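Peer 1: after the sequence you'll find the predicted model.
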Amino acid sequence: MSSRERPQSPTLVERLGGLVGSERVADGTGIALQGLRDLPQVRPADVQQLAAVLALADSERLGVCIAGGTSRLEWGLRPDSFDLLLDTQDLRLPLSVDPDNLTITIGAGVTVSEARANARSHNRVLPLDACRPDRATVGGVVATGDQGPRCAGYGRVRDLVLGLKATLADGTSVSFGGRTVKNVAGYDMAKLFVGSFGSFGVITEVTFRLLPRPDTQGLIAVPLSSLAHGKTLAARILDSCLQPLVLEVLSPALAAYLCTAFPSLSTGVGSGPLFVAGFAGHPAVVARSLADVSVWSNISNGVILEDAEAESVFDAVTDLTAVASVSIARTPHAHRPGKQETARDGTSLTARVSVPISEVWSLAQAAESLATEAHLPLTYQIGAACGTLELRLGPQDPRKQDLGLPAAWVKDLRTAAVSSGGRLVVTSGLGLPGVDLDVWGDPGPEIRLVRSIKEKFDPHRVLNPGMNAGGI
């Protein structure tokens with residue numbers, strides 16, 4: 001038989017179609033990951049199909065990048081190899097709620113909004129506070145460890161996970177933890193996957209602890225004269241017996257955007273930062289907490305909102321960092337931020353700083369000062385109870401644009417964060433032309449242990465290769 005008569009080897013798309021069905025495979029995708037697109041995409045229907053796909057990828061030494069709802073797809077480094085996009089949105093095992101034991105077990109492809117609604121139907125609260133919850137999947141939130149402003153009361157994602165199941169790079173299924181608090185014993189391996197960015201395995205199922213649904217919720221929005229004013233008020237709240245659900249400070253531009261979406265917040269709000277303190281629980285406790293914060297603020301024009309309106313503001317504050325920087329830099333829209341307004345213009349950069357709570361205020365001042373010196377437009381959001389600082393630069397004035405300034409700003413602020421016992425991670429902006437950014441910074445000596453775990457679980461570097469800290 002001549003070479004022309006020899007049958008051609010099946011393409012990757014054809015081989016994947018044989019495993020999951022041709023309707024679940026696309027030869028090219030509209031999803032872009034760090035500027036890379038138009039690569040084969042597969043969407044397994046269940047864990048068995050997922051295992052078959054990963055076994056094939058492992059045997060062929062393919063680079064597989066994982067996508068859920070794509071709400072945080074811009075995080076991390078550009079992958080060392082990218083041969084296949086794995087869509088996990090159909091990994092939707094039936095939800096299992098145990099309201100008496102306060103647990104819920106959810107398939108990784110279920111959106112946070114859907115999971116919350118299911119918990120609410122049992123008069124319980126799923127304490128996940130993800131950005132864009134209608135898009136973010138449970139597996140993606142756990143893989144990134146992403147928790148919003150309500151972490152002040154809910155805690156971190158790793159504090160909420162009781163157990164999980166995952167599929168390793170060679171198709172092997174593993175299970176850690178359990179479905180109740182009592183049977184979680186030994187090494188807490190489930191926590192290893194929280195915030196791992198898919199480096200060790202594809203999360204397929206997660207069990208979370210639930211909370212009883214509070215009787216009421218309320219917030220007070222206090223206009224600040226300065227960040228020092230906010231620091232004093234936050235310290236008073238944290239040193240008291242109050243238990244805030246939310247304790248956030250918004251930069252003037254973010255405050256203006258929020259007040260445009262919620263006109264009831266605009267009363268008495270000036271041109272400075274806005275302090276938002278939220279509480280949930282018994283009506284008498286919430287009322288007393290709001291009254292105490294009002295007195296301690298030394299401000300007579302704070303705004304108090306309750307129940308559904310307060311919860312809507314909490315949701316909006318969670319989504320503020322996903323709002324397009326163009327929308328904030330220009331005239332704010334006269335409606336609530338939505339997922340259609342998150343398109344990026346390619347000229348903005350976002351970063352997250354995590355430091356001890358006592359240091360977050362000085363880091364916010366340093367970020368603002370460095371941005372002012374470089375003539376860079378900056379918005380920020382301070383997590384006063386968690387020591388987090390969400391930052392966005394841009395867009396720059398085209399007439400004064402200097403592509404080296406954002407990278408210099410990141411370097412200087414990271415130095416300040418590290419000296420304060422924290423770290424800075426660039427969460428988007430790698431697509432900026434001519435900008436060389438160090439996304440993760442120095443991962444520290446613990447990276448040796450992380451690398452050894454990666455080698456054990458994924459020796460051929462199939463899953464999200466090179467995207468995590470230290471090029472894991």
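Peer 2: Yep, it's here. Numbers count the residues shown, from 1 in each chain.

Peer 1: can you give me phi and psi for residue 211?
Peer 2: phi -120, psi 150 (degrees, to the nearest 10).

Peer 1: which residues does it bridge with?
Peer 2: Bridge pairing for residue 211 (DSSP bridges) gives the partners residue 125.

Peer 1: you'd agree it is up against residue 124?
Peer 2: Yes. The pair residue 211 and residue 124 qualifies as a contact (CB atoms under 8 Å) at a distance of 6.7 Å. Yep, even glycine has a C-beta here, placed from its N, CA and C like the rest.

Peer 1: the more surrounded of these two?
Peer 2: residue 124 (21 against 16; other CB atoms under 10 Å).

Peer 1: tell me the contacts of the more buried one?
Peer 2: If a contact means CB atoms under 8 Å, 6 or more residues apart in numbering, then residue 124 has 97, 99, 102, 104, 210, 211, 212, 213 as its contacts.

Peer 1: most neighbours of all those, which one?
Peer 2: residue 104 leads the contacts of residue 124 on contacts (other CB under 10 Å) with 25 neighbours.

Peer 1: my read is that one is in a helix, agree?
Peer 2: No. Going by DSSP: H, G, I helix; E, B strand; the rest coil, the assignment for residue 104 is strand, not a helix.

Peer 1: for the closest residue to it other than its chain neighbours, give its distance to residue 69.
Peer 2: Counting by CB to CB, 6 or more residues apart in numbering, residue 104 lies nearest to residue 97, which is 4.9 Å off, once chain neighbours are set aside. Residue 97 sits 21 Å away from residue 69, going by CB to CB, to the nearest Å.

Peer 1: and if you look at residue 471?
Peer 2: 26 Å.

Peer 1: more neighbours, these two?
Peer 2: Each of residue 471 and residue 69 has its neighbours counted (other CB under 10 Å); residue 69 has more, 24 against 14.

Peer 1: tell me the SS of the closest residue to that one other than its chain neighbours?
Peer 2: Closest residue to residue 69 apart from its sequence neighbours, by CB to CB, 6+ apart: residue 135 at 3.9 Å. Per three-state DSSP, the secondary structure class of residue 135 is coil.

Peer 1: what's the neighbour count on residue 135?
Peer 2: 20.

Peer 1: distance-wise, check it relative to residue 113.
Peer 2: Distance, residue 135 to residue 113, by CB to CB: 9 Å.

Peer 1: repeat that for residue 197.
Peer 2: 22 Å.

Peer 1: so the two - more neighbours on which side?
Peer 2: With neighbours defined as other CB under 10 Å, residue 197 and residue 113 compare such that residue 197 has more, 21 against 16.

Peer 1: which residues in the stretch 151-300 of the chain form helices?
Peer 2: Shown for the stretch 151-300 of the chain, the helices assigned by DSSP state H, counting those that start in this stretch span residues 151-154, 157-160, 190-193, 227-238, 252-261, 283-297.

Peer 1: between those, which one is nearest to residue 446?
Peer 2: Among the helices of the stretch 151-300 of the chain, the nearest to residue 446 by CB to CB is helix 190-193 (12.6 Å).

Peer 1: list the helices and strands the closest one packs on?
Peer 2: Judged by 3 or more CB pairs under 8 Å, 6 or more residues apart in numbering; DSSP states H and E, helix 190-193 is in contact with strand 161-167, strand 173-177.

Peer 1: of those strands, which is nearest residue 370?
Peer 2: Among those, the nearest to residue 370 by CB to CB is strand 161-167 (36.1 Å).

Peer 1: so for stretch 290-300, what gets flagged as buried?
Peer 2: Under the neighbour-count criterion of 16 or more other CB atoms under 10 Å, stretch 290-300 has 290, 292, 293, 294, 296, 297, 299 buried.

Peer 1: go on, stretch 163-174?
Peer 2: 163, 164, 165, 166, 167, 168, 169, 170, 171, 173.

Peer 1: now for the residues you listed, which pair is the farthest apart?
Peer 2: 163 and 170 (21.7 Å).

Peer 1: contacting residues around stretch 132-140?
Peer 2: Taking CB under 8 Å, 6+ apart as the rule, stretch 132-140 contacts 68-72, 88-89, 91, 106-113, 115-116, 128, 130, 146, 202-204, 206, 315, 318-319, 322, 339, 342.

Peer 1: ditto for stretch 446-463
Peer 2: 54, 57-58, 61-64, 66, 80-81, 168-169, 192, 198-202, 443, 468-470, 472.

Peer 1: do you know how far the residue nearest to residue 69 is from residue 87?
Peer 2: Distance from residue 135 to residue 87, by CB to CB: 13 Å.

Peer 1: show me where pLDDT drops low in the chain?
Peer 2: Applying pLDDT under 70 to the chain flags residues 1-9, 29-30, 32, 34-38, 180-187, 267-270, 321-347, 395-403, 430-436.

Peer 1: for the residue nearest to the spatial centre of it, which three-state class applies?
Peer 2: With distances taken as CA atoms, centre = their mean, the residue of the chain nearest its centroid is residue 146 (3.2 Å). Assigned by three-state DSSP, the conformation of residue 146 is coil.

Peer 1: could you chop this protein up by domain?
Peer 2: The chain breaks down into these domains under automatic domain parsing: 96-212, 216-329, 345-428.

Peer 1: mind putting these in TSV, distance to residue 463 included?
Peer 2: Below are the domains of the chain laid out as TSV (distance: least, CB to CB, whole Å):
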stretch	distance to residue 463
domain 96-212	5
domain 216-329	25
domain 345-428	20
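
Peer 1: who touches the nearest residue to residue 378 once chain neighbours are set aside in this structure?
Peer 2: Nearest-residue entry for residue 378: residue 371, 3.8 Å, with adjacent residues in sequence omitted and distances by CB to CB, 6+ apart. Going by CB under 8 Å, 6+ apart, residue 371 touches 377, 378, 393, 409.

Peer 1: before we move on, which element is residue 371 in?
Peer 2: Assigned by DSSP states H and E, residue 371 falls within helix 360-373.

Peer 1: quick one: closest of the helices and strands packed on helix 190-193 to residue 428.
Peer 2: Closest to residue 428 of the helices and strands packed on helix 190-193, according to CB to CB: strand 161-167, at 25.5 Å.

Peer 1: report the inter-axis angle for that closest one versus strand 173-177.
Peer 2: Angle between the axes of strand 161-167 and strand 173-177 is 170 degrees (criterion: axes from the mean of the first three to the mean of the last three CA atoms, to 10 degrees).

Peer 1: quick one: strands adjacent to strand 161-167?
Peer 2: In its sheet, and by DSSP bridges, strand 161-167 pairs with strand 173-177 (antiparallel), strand 202-209 (antiparallel).
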